[in-house]
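Novice: have a look at this prediction, sequence included:
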Amino acid sequence: MSKKTKSFSIQTDDLVKDFELSKTDVVHVLTGVSMEVKKGEFIAIMGPSGSGKSTLLNILSTLEPITSGDVLIAGVNLKDTDYGEKLEIRRSRSSVVFQSFALIPYLTAIENVKLPMKLRKIPEVEAEQKALEFLESVGLYGRLNHLPEELSGGEQQRVAIARALAHNPEIIYADEPTGNLDTHTGKEIIQLFRTLTKEQNISVIMVTHDSDSAMETDRIYILQKGKVVVEQLKKTKPSSKKKEEKKK
């Protein structure tokens with residue numbers, strides 16, 4: 001594990017995750033994942049279905065326990081924390097943006113964004129002002145009082161990102177954030193994430209199947225059978241394991 005933990009939002013070293021279906025049946029989902037995410041870095045995690053992408057994202061966001069290895073979130077090793085400490089890390093340091101948007105259907109855009117702040121007992125006037133700022137930052141100032149069903153898919157995802165910002169996160173985890181969007185709108189969402197990393201120094205870790213979206217990030221990790229088989233900067237198209245082996 002690198003000693004330069006202060007410059008990283010996330011570090012994993014030989015991360016292993018097994019699911020025990022029975023005493024004799026164990027599924028090895030992650031089999032030694034090592035990766036680093038710098039503060040303000042935009043990361044893509046790619047790989048075929050069943051490669052461990054979603055499990056890795058769940059572990060990084062403290063939703064899933066590890067089997068062995070090290071996972072440091074802002075310098076805190078998850079294996080040294082209890083449930084309450086993991087919950088605090090999740091609440092105070094990170095937010096999740098989902099493919100399905102996960103907005104509360106009977107709340108307006110601004111009410112959805114204010115909700116995390118209400119749960120943290122932030123005064124109403126302050127929560128209102130911050131929600132306005134977050135919605136303005138994602139280009140939705142004119143849609144404050146619309147319900148989710150009155151918004152397009154891209155607008156709903158922008159509300160979800162504004163709500164994520166309401167947690168004042170150091171890290172945003174995005175699970176297929178463009179999966180339900182058309183190509184043009186998806187590009188707008190990716191550029192919004194790019195702006196957040198540059199202007200607010202937020203780290204964004206995105207699981208995606210879309211290589212074009214991945215090419216807009218700073219670094220790409222490709223998983224296969226629970227391992228990182230490719231790590232590369234965005235300058236070249238993500239390559240398969242076979243192509244990498246031919247180069248060696």
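Specialist: Perfect, I can see it now. The structure displayed is predicted, hence computed values, not measured ones.
Novice: and the longest helix for this protein?
Specialist: In the chain, with assignment by DSSP state H, the single longest helix is helix 183-200.
Novice: quick one: the next helix or strand after it to chain centroid distance?
Specialist: Downstream of helix 183-200, the next assigned helix or strand under DSSP states H and E is strand 203-207. Its chain's C-alpha centre and that of strand 203-207 lie 4 Å apart, by CA atoms, centre = their mean, to the nearest Å.
Novice: just checking, what packs against strand 203-207?
Specialist: strand 8-22, strand 25-38, strand 42-46, helix 53-60, strand 171-175, helix 183-200 (3 or more CB pairs under 8 Å, 6 or more residues apart in numbering; DSSP states H and E). To be clear about C-beta, it is placed using only N, CA and C from the backbone, and glycine gets the same treatment.
Novice: got the angle between it and helix 183-200?
Specialist: Angle, strand 203-207 to helix 183-200, by axes from the mean of the first three to the mean of the last three CA atoms, to 10 degrees: 150 degrees.
Novice: ok, and what's touching strand 203-207?
Specialist: Strand 203-207 has contacts (CB atoms under 8 Å, 6 or more residues apart in numbering) with 9-10, 37-46, 53-54, 56-57, 60, 170-177, 193, 196-197, 213-214, 217.
Novice: distance between the ends of stretch 95-109?
Specialist: 17 Å (CA to CA, to the nearest Å).
Novice: which of the residues in that stretch are buried?
Specialist: Ser95, Val96, Val97, Phe98, Gln99, Phe101, Leu103, Thr108, Ala109 (16 or more other CB atoms under 10 Å).
Novice: give the contact list for the third one.
Specialist: Val97 sits next to Gln157, Ala160, Ile161, Ala164, Ile172, Tyr173, Ala174, Asp175, Pro177 when contact means CB under 8 Å, 6+ apart.
Novice: give me that answer again for 7 Å
Specialist: Counting by CB atoms under 7 Å, 6 or more residues apart in numbering, Val97 touches Ala160, Ile161, Ala164, Ile172, Ala174, Pro177.
Novice: what residue lies at the spatial centre of the chain?
Specialist: Tyr173 (1.1 Å; CA atoms, centre = their mean).
Novice: ok, now how distant is it from Pro65?
Specialist: 16 Å (CB to CB, to the nearest Å).
Novice: ok so, going back, what's the mean pLDDT across the longest helix of the chain?
Specialist: Averaging pLDDT along helix 183-200 yields 91.
Novice: please apply the same query to stretch 209-217.
Specialist: Here the average pLDDT along stretch 209-217 is 92.
Novice: pull it out as CSV, backbone CA atoms only.
Specialist: Extracted in CSV, the C-alpha atoms of stretch 209-217 (Å, rounded to 0.1, in the frame of the first residue of the first chain):
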residue,chain,number,x,y,z
HIS,A,209,-20.1,-0.3,-20.4
ASP,A,210,-19.7,2.6,-22.7
SER,A,211,-16.1,3.0,-24.0
ASP,A,212,-16.9,6.5,-25.3
SER,A,213,-17.8,7.7,-21.8
ALA,A,214,-14.8,5.9,-20.4
MET,A,215,-12.6,7.8,-22.8
GLU,A,216,-13.6,11.1,-21.1
THR,A,217,-12.1,10.0,-17.8
